[in-house]
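Q: Fold the stuff below for me.
(one chain, ligands or ions: 2)
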Amino acid sequence: MSASPAPKKRVAILISGRGSNMVSLIEAARAPDYPAEIVLVLANRPDAAGLTRAQAAGIPARAIDHKGFADRASFDAALQAELEGAGIELIVLAGFMRILTDAFVEAWAGRMINIHPSLLPLFKGTHTHARALEAGMRLHGCTVHYVVPELDAGPIVAQAAVPVLPGDDAETLAARVIVQEHRLYPAALALIAGGGAALDGGRVRLAEAERDPGAALLSL
Ligand SMILES: Nc1nc2c(c(=O)[nH]1)N[C@@H](CN(C=O)c1ccc(C(=O)N[C@@H](CCC(=O)O)C(=O)O)cc1)CN2
Ligand SMILES: NCC(=O)N[C@@H]1O[C@H](COP(=O)([O-])[O-])[C@@H](O)[C@H]1O
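A: Ligands and ions are numbered 1, 2, ... in the order given. Sure, this is the predicted structure:
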């Protein structure tokens, strides 16, 4: 008799905008064997277009407007209350544009990931595509990493690379990178939720089966 499948990890996605990565994650999680279920979407902006997209997908989605709080700590406490109330096990930041307090990040150490539109540690911060072009990069891409207090500095889970082509501008390059984001993020979340990767002493530990250097997570 085959063992019953492990319970799916309960995931919350945090957004600030359109939520295209959130949609990719919701769609991937529809697969019966996907090791995570998206059970909550939270946005720090009431006008985040992703809220409507989440609701249309049948996912509970709410705004917690950061402007309604006196400071970061009280905003983060409101996030924490919603996450605890929903029994969240993993947080996925997907275009969530608020810096989280050290206390919140440390409380979720090893259980919170982010996607950043560059090949970290290159181009931390904003305007990554324009900066990559300015630097004359021939390769660019995106990175999924664990979140630590220092911005864009957490241990890297997975990366995907794209070529920088002649005539590219920030928009054409962004359009090439986002396609890889939509592929990489669901794969990286599945890896973590399925126990294939974990944060261990500040480094990402991959399960034996995931150590194949040709792993599907890296593509040009
Ligand atoms: N403590 C951490 N918080 C967050 C991280 C992180 O690595 N550590 N990742 C970010 C996502 N992010 C880059 O990937 C990022 C988000 C927001 C900002 C920022 O400057 N935010 C401003 C407000 C900007 C706005 O509202 O438009 C702010 O919070 O004052 C930088 C990087 C998520 N949080
Ligand atoms: N520093 C974080 C950051 O810049 N994240 C980036 O915001 C975009 C959100 O798009 P989406 O809302 O369509 O997923 C994505 O490109 C993501 O990499």
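
Q: from here on, contacts and neighbour counts on C-alpha atoms
A: Fine.

Q: give the contact list for Ile178.
A: Neighbouring residues of Ile178 by CA atoms under 8 Å, 6 or more residues apart in numbering: Pro117.

Q: can you give me the helices for the chain?
A: Along the chain, the segments classed as helices by DSSP state H run 20-28, 49-56, 72-85, 102-107, 128-134, 170-193.

Q: angle of the second one against helix 20-28?
A: Here the directions of helix 49-56 and helix 20-28 differ by 20 degrees (axes from the mean of the first three to the mean of the last three CA atoms, to 10 degrees).

Q: can you pull the buried residues of helix 49-56?
A: Ala49, Gly50, Leu51, Thr52, Arg53, Ala54 (16 or more other CA atoms under 10 Å).

Q: Looking at the helices of the chain, which is nearest to ligand 1?
A: The closest of these to ligand 1 is helix 102-107. By CA to the nearest ligand atom, the value is 6.0 Å.

Q: I'd like the distance from the closest residue to Ala161 other than its chain neighbours to Lys124, if you could.
A: In this structure, Ala161 finds its nearest non-sequential neighbour in Gly141, 4.2 Å apart by CA to CA, 6 or more residues apart in numbering. Distance of Gly141 to Lys124, computed by CA to CA, to the nearest Å: 12 Å.

Q: Could you list the contact residues of the chain toward ligand 1?
A: Counting by CA under 6 Å from any ligand atom, the chain comes close to ligand 1 at 96-102, 116, 125, 147-152.

Q: Now do the contacts for the residue nearest the centre of the chain.
A: For the chain, Asn114 is the residue whose C-alpha lies nearest the centre (CA atoms, centre = their mean; 3.4 Å). Contact partners of Asn114, counting by CA under 8 Å, 6+ apart, are Val92, Leu93, Ala94, Val144, His145, Tyr146, Val147.

Q: any chance of the helices of the chain in a markdown table, with mean pLDDT too?
A: Shown next, in a markdown table, are the helices of the chain (pLDDT from 0 to 100):
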| stretch | mean pLDDT |
| --- | --- |
| helix 20-28 | 98 |
| helix 49-56 | 98 |
| helix 72-85 | 98 |
| helix 102-107 | 98 |
| helix 128-134 | 98 |
| helix 170-193 | 98 |
